[in-house]
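> compute the structure for the input listed below.
(4 chains)
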2 protein chains.
Amino acid sequence: MTLSRLILGLLSLAPMTGYELKKHFDATVNHFWSADKAQIYRTLTTLVKDGLCIAETVQQDGLPSKQVHRITEHGRAALLEWLETDPAPDAERNAFLGRVFFAAQLDEKQLHKLFDRRREAALSYLASLQEQLDASRAASPGEALYFQLATLRNGIRHLKAELDWLQDIEKELV
Amino acid sequence: MTLSRLILGLLSLAPMTGYELKKHFDATVNHFWSADKAQIYRTLTTLVKDGLCIAETVQQDGLPSKQVHRITEHGRAALLEWLETDPAPDAERNAFLGRVFFAAQLDEKQLHKLFDRRREAALSYLASLQEQLDASRAASPGEALYFQLATLRNGIRHLKAELDWLQDIEKELV
DNA sequence: ATCTACTAGTAGACTTGTCAACCGCATCAG
DNA sequence: CTGATGCGGTTGACAAGTCTACTAGTAGAT
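Next comes the predicted model:
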């Protein structure tokens, strides 16, 4: 469900091919949703089947022909409906916390490795989100992308929270 | 993978039935991993098949007989191995942020509804985590549950970050 | 001359997770 | 006496997501 609505959302901004959708997922939506190539194409065919978007084949010379997908009125309605539905409480799956939960079974060296790796991952991820945020702000100042940027700011807040938490832990582990 | 390791982790603390595992998932692990009943039982059978735990049937009077699962040495080794493996960067799926990303298509009323609901959900979830934390600390003071509690503290930090972010948004939306 | 990467998509197997129903037996409240 | 709830578990159908490999042409680098 969510994937199909996110695809509709992207198509509501501009018509696109599956290939381009994949790139958008990897580039701009990636920090809160990832998508497999195969999954995107499959979802597109069901969207077309349900009349939420239409596909038109476009010939290109030198390149393989592509199928540009365009959202329909019906699709826009479905998107809006989804935007308004109660976002069910997130399932919040976190395999790292799973490891922490049983971390008492690790020795000191392994413990530090566990948390250090996490800290480094969080730091570099934070840097990349910050970069994305700055780049987006530079590219289109003003309020145009307000909500897109808000999702980045959300990620940044959470990464900082994670880093604070890691710092607490490392202080206490000494 | 993760589910099977989390089950092994719980079994490493005490032998248990599938039924009890389900209760533990709902009660103590729920804030970072949820598990469906059917999935737990299926995973248990494959764990047994792989020799990572063994099941012994225990008769009870008045109640249906149960299958207590006990972790094996092989299982403990598999658990440790998992604890040490590089925790692949979380997939971080967040359907709420998906809605925010396209929220420019909502009117003011709908926007406030979206964020208000989120805030209320975060607040009540925060309260429940805080409660769990206090209850656990009261039940077993000292450092016994340090890492279990750390996962709760992680959740609390993140919820506070979420609330701070929501406050920013609401200030800016005015 | 070969190797890599990009464009654009297809296909199949597989794993994971979710939903809903069903089994028997017990206990307790209305 | 009936119905709800707890215990302990099983089954089947599905939805969602992942992984690998394949097609087929272009362009640029080694």
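> for the helix ranked longest in chain A, buried residues please.
In chain A, ranked by residue count with DSSP state H as the criterion, the top helix is helix A:108-139. Within helix A:108-139, the residues scored as buried using 16 or more other CB atoms under 10 Å in any protein chain shown are A:111, A:114-115, A:118-119, A:121-122, A:125-126, A:129, A:132-133, A:136. C-beta coordinates here come from the backbone N, C-alpha and C atoms, glycine included.
> format those as CSV; extra columns: pLDDT and distance to A:L149.
Shown next, in CSV, are the buried residues of helix A:108-139 (pLDDT from 0 to 100; distance: CB to CB, whole Å):
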residue, pLDDT, distance to A:L149
A:L111, 96, 37
A:L114, 95, 33
A:F115, 96, 30
A:R118, 95, 26
A:R119, 96, 26
A:A121, 94, 23
A:A122, 95, 20
A:Y125, 94, 17
A:L126, 96, 16
A:L129, 95, 11
A:Q132, 94, 9
A:L133, 95, 6
A:S136, 92, 6
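> is the longest helix of chain A anywhere near chain B?
Yes: for a cut-off given as CB under 8 Å from any CB of the partner chain, helix A:108-139 has contacts with chain B, namely A:Q110, A:K113, A:L114, A:R117, A:R118, A:A121, A:Y125.
> which members of the buried residues of helix A:108-139 additionally contact DNA strand C?
Checked against DNA strand C using CB under 7 Å from any atom of the strand, the buried residues of helix A:108-139 give no members in range.
> ok so, going back, which other helices and strands contact the very next helix or strand once past the longest helix of chain A?
Scanning forward in sequence from helix A:108-139 by DSSP states H and E, the next helix or strand is helix A:146-173. Using 3 or more CB pairs under 8 Å, 6 or more residues apart in numbering or on different chains; DSSP states H and E as the contact definition, the elements that helix A:146-173 packs against are helix A:108-139, helix B:95-101, helix B:146-173.
> in TSV, list the ones you listed along with distance to A:A38.
TSV is the format used below for the helices and strands packed on helix A:146-173 (distance: least, CB to CB, whole Å):
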stretch	distance to A:A38
helix A:108-139	26
helix B:95-101	20
helix B:146-173	31
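> out of the ones you listed, which gets nearest to A:V68?
Between A:V68 and those, the tightest spacing by CB to CB is seen for helix B:95-101, at 21.7 Å.
> number of nearby residues for the closest residue to A:Y146 other than its chain neighbours?
If you skip the residues right next to it in sequence, A:Y146 has B:A104 as its closest partner in space, 7.0 Å away by CB to CB, 6 or more residues apart in numbering or on different chains. Applying other CB atoms under 10 Å in any protein chain shown, we find 14 other residues in the vicinity of B:A104.
> the residue lying closest to A:R99 once chain neighbours are set aside: helix or strand, and which one exactly?
Distance criterion CB to CB, 6+ apart; nearest residue to A:R99, sequence neighbours excluded, is B:L83 at 5.4 Å. Assigning secondary structure by DSSP H and E places B:L83 in helix B:73-84.
> output the contacting helices and strands for the longest helix of chain A.
Applying 3+ CB pairs under 8 Å, 6+ apart, one finds that helix A:108-139 makes contact with helix A:95-101, helix A:146-173, helix B:73-84.
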